[in-house]
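Chemist: Return atomic coordinates for the entry below.
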Amino acid sequence: MIHINPATPAAGPALLAAAHRPLFLMGAVQAVLAMLWWGLTLTGRLPAGAGPAAAAAHGWLMIYGLFPPFVFGFLFTALPNWVNGPRVPAPAYLASALLLGVGGLLFYPGLYLRPLALLALGLHAAGWWIALVALLRVLRACPAGQDPRQPWLAWAAVALGLPGSLAFALWLAGGGVLWRTAGMSLGVWGFLTPLFLAVCHRMLPWFTSRVLANYVIVRPYGPLWGMVGACLAHAALEIAGLAAWTWLADLPLAALAVWFLTRWGIARGLRAERLLAMLHIAFVWAVLAFLLHGLDSLAAWLGSDWGMGLAPLHALGAGFFASMLLAMASRVSLGHSGRPLKADGLTWGLFWLVQASALARMLPDLAAGYGLPWLYYLAALLWLLAFAAWAWRYAPFYWRPRADGKPG
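Modeler: Model (predicted):
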């Protein structure tokens, strides 16, 4: 069982009884809609084609449309427990969920009517701001004797995501391409990567200790600060137009990720219960993504014509982020619906569909010239199958009472 405090329950339907319920449901819907829109756009069944504007919209949807509902649903639930602080009140998480949800859904028609898109981004940002304030109140009420470093790091990463989304809005409103670059870089390297690293640093060894006997939790902060610093350096170099120099941050980041991977016991974790194995496999993607980013940047710095295209970015997003999301969201959904923390055959199979989707998206860029563009469509299809089936399996947990009869 995941021992994390539920948020202050709201009166009314089960869907509103805990913070993760409406937000995870929203995230499940966005995981399907975002890729469905992109697949239809790629195949020409929707206007806009696969040009720069459509690619930028795809980037916003996958970074800011998909992940924040899961992120806030998790943090509203977990962060009060991390600091032994007050629970997030229902009005705060419901207002945040409503604004994030309306803004996220309104963005789709806004893709074809720019003023509507700007309204959508404004509503989305308002929901994000409410969430930040609610979490800040929890942190500021942290009693003496608690270690607030990881919670503050998680909050700071989420806080960096808001200016990233607003930078994208400025680009959409007519600003220069630098705003789009800043929006994407802050989203990936200021928001999601530091956040996922902070959560893994706290939760992955703890989850492992709950399954494996004689397991020693290793969570030093020095290497974690080094990884976060490298992420921010990557973002700064990318925004400054110095992508050929990001290897200076990426290769040390990969080395530190390998260090954590081995210290967290991947060899034993892979042989453990499936739900735990999923978490360890997901972190392997972090190592691969950082390494690919470093090698790609180093090749550009050396003046080589060889490059990996968007393969490193998709190793990070479709590999690390998506795999860890599916694993973590499955675990939280099972634990907070009163069910055993065991991944059934369907969940295990869907996890491997996500692995196949990430590989299918990367291969055309890694093997440019070999006639593999059809894999782009396969990657989108595999993603859709995985997350649509995941939503079918887990979404009912959010509007139904807990199986064990407990509140929350």
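
Chemist: what bits of the stretch 1-150 of the chain have low per-residue confidence?
Modeler: 1-12, 48-52 (pLDDT under 70).

Chemist: Look up the closest residue to Leu350, ignoring the ones flanking it.
Modeler: Distances taken as Cβ to Cβ, 6 or more residues apart in numbering put Ala386 closest to Leu350, at 4.8 Å, once the chain neighbours are dropped. Bear in mind the C-beta positions are built from the backbone N, C-alpha and C, glycine included.

Chemist: again, but for Arg402
Modeler: Gly338 (3.8 Å).

Chemist: Tell me how many other residues crowd the one you found.
Modeler: 15 (other Cβ atoms under 10 Å).

Chemist: Next up, phi/psi of it, please.
Modeler: phi 80, psi 30 (degrees, to the nearest 10).

Chemist: doesn't Lys406 make contact with it?
Modeler: Yes: counting by Cβ atoms under 8 Å, Lys406 is a contact partner of Gly338 at 6.0 Å.

Chemist: Now do the residue nearest to Arg402 against Phe397, distance only.
Modeler: Distance, Gly338 to Phe397, using Cβ to Cβ, to the nearest Å: 9 Å.

Chemist: what does Tyr215 give?
Modeler: For Tyr215 relative to Phe397 (Cβ to Cβ), the value is 29 Å.

Chemist: now do Arg149
Modeler: For Arg149, the distance to Phe397 - Cβ to Cβ - is 32 Å.

Chemist: Of the two, which one has the most company?
Modeler: Shown here are Arg149 and Phe397; by other Cβ under 10 Å, Phe397 has more neighbours (22 against 14).

Chemist: follow-up on the earlier one: now for Gly338 and Lys406: what residues contact both?
Modeler: Common neighbours of Gly338 and Lys406, using Cβ atoms under 8 Å, 6 or more residues apart in numbering, do not exist here.

Chemist: and Trp306, what pLDDT?
Modeler: Trp306 is assigned 88 on the pLDDT scale.

Chemist: which residues touch it?
Modeler: Applying Cβ under 8 Å, 6+ apart, one finds that Trp306 lies in contact with Ala299.

Chemist: for it, helix, strand, or coil?
Modeler: Secondary structure state of Trp306, per DSSP: H, G, I helix; E, B strand; the rest coil, is coil.

Chemist: what are the ranges of the strands in this protein?
Modeler: Under the criterion DSSP state E, the chain contains no strands.

Chemist: The residue lying farthest from the centre of it and Ala395: what is the separation?
Modeler: Relative to the C-alpha centroid of the chain, counting by Cα atoms, centre = their mean, Gly303 is the outermost residue, at 32.9 Å. Noted for Gly303: a distance of 50 Å to Ala395, by Cβ to Cβ.

Chemist: For the closest residue to His124 other than its chain neighbours, the count of nearby residues, please.
Modeler: Nearest in space to His124, with sequence neighbours left out and distances taken as Cβ to Cβ, 6+ apart, is Gly103 at 3.0 Å. Neighbours of Gly103 under the rule other Cβ under 10 Å: 25.

Chemist: Do I have it right that Gly103 meets Ala125?
Modeler: Yes: contact criterion Cβ under 8 Å: Gly103 and Ala125 qualify, at 7.5 Å.

Chemist: Quick check: closest non-adjacent residue to Ile63.
Modeler: Ile63 sits nearest to Gly187 (Cβ to Cβ, 6+ apart), 3.9 Å away.
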